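> can't give you the sequence, but here's the structure:
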């Protein structure tokens, strides 16, 4: 089976759902080491829930997947892009603003593949985790299926542990792929 | 919604669907560079056209690495040049507004309280086309109607005409400037233009009736206005019941009684004729029906007008003489939003007649002529089915299809489907309650927009359109110019999310509808290249040259060797309108009184904020910061007697019992006591617009009474009356008798400023009226 780094699996599962992406769910459970105990909603329900949580919803959108919604910074786009550039990455597609959740996860997956743990740690601490925690809170408060709450909460716990690993710098920093 | 599925079933299905584990690797998102060297270092300068309003200023987008950093004016544009307004600067915040529509959405919930599901463009367009074909088969193509606003909706309108329906209304006709343009068509054989064709720079005197230039910001117009008034000292007369920003810059301010403007204009015409102040030679050569006009207006004397308009007769005479002295270099500004009191086409006809007897047409300082050239275009022929559909045209002879026609036809079950394109019909069409009633009768509604505005709450399918910074549009010929030109809107950045340009939407739909003869061009670039080949250029060449193609104009009578035939039935300016006469309407305007507010009530008036374009910009972060809510202008004396204070919040109640959201009072001597005034477009009812939602007062909800213009069916809006509600209690407006008035600017003295203390750091008092 193809080896994929966990950031990429997270990105797939937090992107708009389709059957291909959802097929990664079992691997996700392996990563976080927990089985999902709730009922797994049919794809159409997940599509509706995803739209409600992350795209557009009435009466308001609970959890926009963009860092700028949660962080108070005038120059956030510039700061993020400067970070990307400082480690050798430039955004090629402008479908989304640079603070889009999926882009940031893909960026982290690139750092992971490059074994640039210093940058990975810095990005998690200084930028990603501060807003992602707020985002997860919003998802948990609003998700009616429980499915996205589960994914987000486990990612949050996993990444906080990952941060500890990176801080300690001693443990298993070799490529962990699933 | 489906039932939950078992874990085993879930994995079985997902594996079957994918064939194998199918990870998206997102390798397209980033490109790798040596550290610190990522992406392009240079800033690209991309010329395009603004659409924060509809004035079409030339802009330059400064783009680095695919991201828009700043918008500036395009120095090659003969109109705005390097200057753009607050809205033009803030286009960047429309592009990057996190509340934008991002994907096609299907409403799987209720109308008004949608539950949305993201769907693909393919599915969205298939569903729309299926419905269109179904309704056409069952009820005919006219069961599908279109309500639209702005240039991006032009391809859709063409497609629908090709499909067979002419139930197509645009807000700019019946709720804005349709009556003005019909009045100009009837008089001169051509509309008033957009930009308005006024040679301000050469004017010696200017008349503004109800136009609040400066609060209504159109950059090149304001620029020329300032030069004319401040630089060249043209005398400015402003007629407005409110001390608007431009009233403050005027030589004369006439706080006219609302609804009596036509009385004032007809009196000016009469006085100018009676005192031989008109341009006799011009009238003889270029006008038709002068003697009939002279006879018709003879009773409109300054004494009579003083009683009607509450403007001093001495001031009326002084102004008539000023215009007579200054002729023909007099700009009688045609106005823009003109649907006021119900007989507005005749008011604008009176303005056109006033300009004509002063010889201020085709002459420097007055109106000038447009210069059009023919451009080829990718065809989409009209194939309207059966007889022309319109409302009762016998009653409104110069009506185009209006929103009101469509609303009525929908309530009568003749229309099953609406396509609402870039038009906030809840904010721009009076009586939104009736609009919602009509929507609820529909079988199907599609909304195309860039933001989730109110109509999208009621839509079955919502399509996300690319903003003006992400798309091509049809070529813009600015023929209404002394220095005419053609300019192209082009994408400054690639479209965000899954937003698409209008050409994509329409060409994909036309394929599904089997309409092969509509827009056979493959791409918008092909369309533009075809159009530009008519003037011997192409897209690439034009972009290299700064995006502007200039050509020679013939704006004045001199350019025709004094031999000009107006495109009217008589070939002359029709002071007496032959077309109106044939249609049993007054061929020469008459003064007809409009209803006064009953005792205890005040008239509700509205206008534009200098930093907003109706409800279109309320959610823009920067513009919202400058002007987050509207306030309500109320006369100082009236407020005092009502126990109201500046800055406090009250509600309004209209004559039909509609109560508004709270609105902040602006107590001022600068407004008559029989009216109140607010900025239009605030108080969004869409919770998706997080900044604009419920900020300020949704004044259109209070405009429930409508009178249609008897000539062209435009919807008059300034005929609604309100009372104040404070702490749940209704407060009557006092009756304050107005003496005839009219103000003249005192001669300017040289002002010497001596600083006695250092200037305070930070905020300063905002000038009245903003801007």
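Perfect, I can see it now. Just so it is clear, the model here is predicted, and its values are computed rather than measured. Numbering: from 1, shown residues only, chains lettered A, B, ... in the order given.
> hey, where'd the helices end up in chain A?
A:6-14, A:19-22, A:25-32, A:43-50, A:67-70, A:76-86, A:101-114, A:117-123, A:129-142, A:147-168 (DSSP state H).
> which of those helices sits most buried?
The highest mean neighbour count among the helices of chain A, using mean count of other Cβ atoms under 10 Å in any protein chain shown, belongs to helix A:6-14: a mean of 24. C-betas here are computed from N, CA, C, even on glycine.
> near chain A, which residues of the stretch 551-700 of chain B?
Counting by Cβ under 8 Å from any Cβ of the partner chain, the stretch 551-700 of chain B comes close to chain A at B:687-688, B:690.
> so what's residue B:306 closest to, chain neighbours aside?
Nearest residue to residue B:306 in three dimensions, chain neighbours excluded: residue B:313, at 4.3 Å (Cβ to Cβ, 6 or more residues apart in numbering or on different chains).
> looking at chain A, which helix or strand is least sure?
Here the helix or strand of chain A ranked lowest by mean pLDDT, DSSP states H and E is helix A:25-32, holding a mean of 84.
> low-confidence bits of the stretch 251-400 of chain B, can you list those?
Within the stretch 251-400 of chain B, the stretches with pLDDT under 70 are B:386-394.
> the least confident helix or strand of chain A vs chain B: in contact?
Yes - shown here: helix A:25-32 in contact with chain B (Cβ under 8 Å from any Cβ) through A:25-27.
> from those, pick the one nearest residue A:63.
If you rank the residues of helix A:25-32 next to chain B by distance to residue A:63 using Cβ to Cβ, residue A:25 comes first, at 19.6 Å.
> quick check, pLDDT for the residue nearest to the closest one when sequence neighbours are not counted.
The shortest distance from residue A:25 to any non-neighbouring residue, by Cβ to Cβ, 6+ apart, is to residue A:13 (6.7 Å). Model confidence at residue A:13, given as pLDDT, is 93.
> dump the residue contacts of residue B:308.
Counting by Cβ atoms under 8 Å, 6 or more residues apart in numbering or on different chains, residue B:308 touches B:257, B:260, B:263, B:591, B:593.
> ditto for residue B:641
Residue B:641 sits next to B:734, B:736 when contact means Cβ under 8 Å, 6+ apart.
> where's the closest residue to residue B:613 other than its chain neighbours relative to residue B:334, distance?
Closest residue to residue B:613 apart from its sequence neighbours, by Cβ to Cβ, 6+ apart: residue B:53 at 4.3 Å. For residue B:53, the distance to residue B:334 equals 18 Å [Cβ to Cβ, to the nearest Å].
> cool, residue B:607 as well?
Per Cβ to Cβ, residue B:607 is found 17 Å from residue B:334.
> so which of these two has more stuff around it?
residue B:334 (24 against 21; other Cβ atoms under 10 Å in any protein chain shown).
> near chain A, which residues of the stretch 401-550 of chain B show up?
So far as Cβ under 8 Å from any Cβ goes, the stretch 401-550 of chain B lies against chain A at B:452, B:457, B:493-498.
> same thing but 7 Å
Proximity of the stretch 401-550 of chain B to chain A is confined to B:452, B:457, B:493-494, B:496-497 under the rule Cβ under 7 Å from any Cβ of the partner chain.
> so which of these belong to helices?
residue B:457.
> got a list of what whichever residue of the stretch 351-500 of chain B sits closest to chain A touches?
Chain A sits closest to residue B:494 of the stretch 351-500 of chain B, with a gap of 5.0 Å, by Cβ to the nearest Cβ. Taking Cβ atoms under 7 Å, 6 or more residues apart in numbering or on different chains, we find residue B:494 in contact with A:94, B:66, B:470.
> interface residues of the stretch 51-200 of chain B facing chain A?
Counting by Cβ under 7 Å from any Cβ, the stretch 51-200 of chain B sits next to chain A at B:65-67, B:96, B:98, B:101-103, B:105, B:108, B:113-118.
> distance of the closest residue to residue B:260 other than its chain neighbours relative to residue B:270?
Among residues not flanking residue B:260 along the chain, residue B:309 sits closest, at 4.4 Å (Cβ to Cβ, 6+ apart). From residue B:309 over to residue B:270 the distance is 14 Å, taken as Cβ to Cβ.
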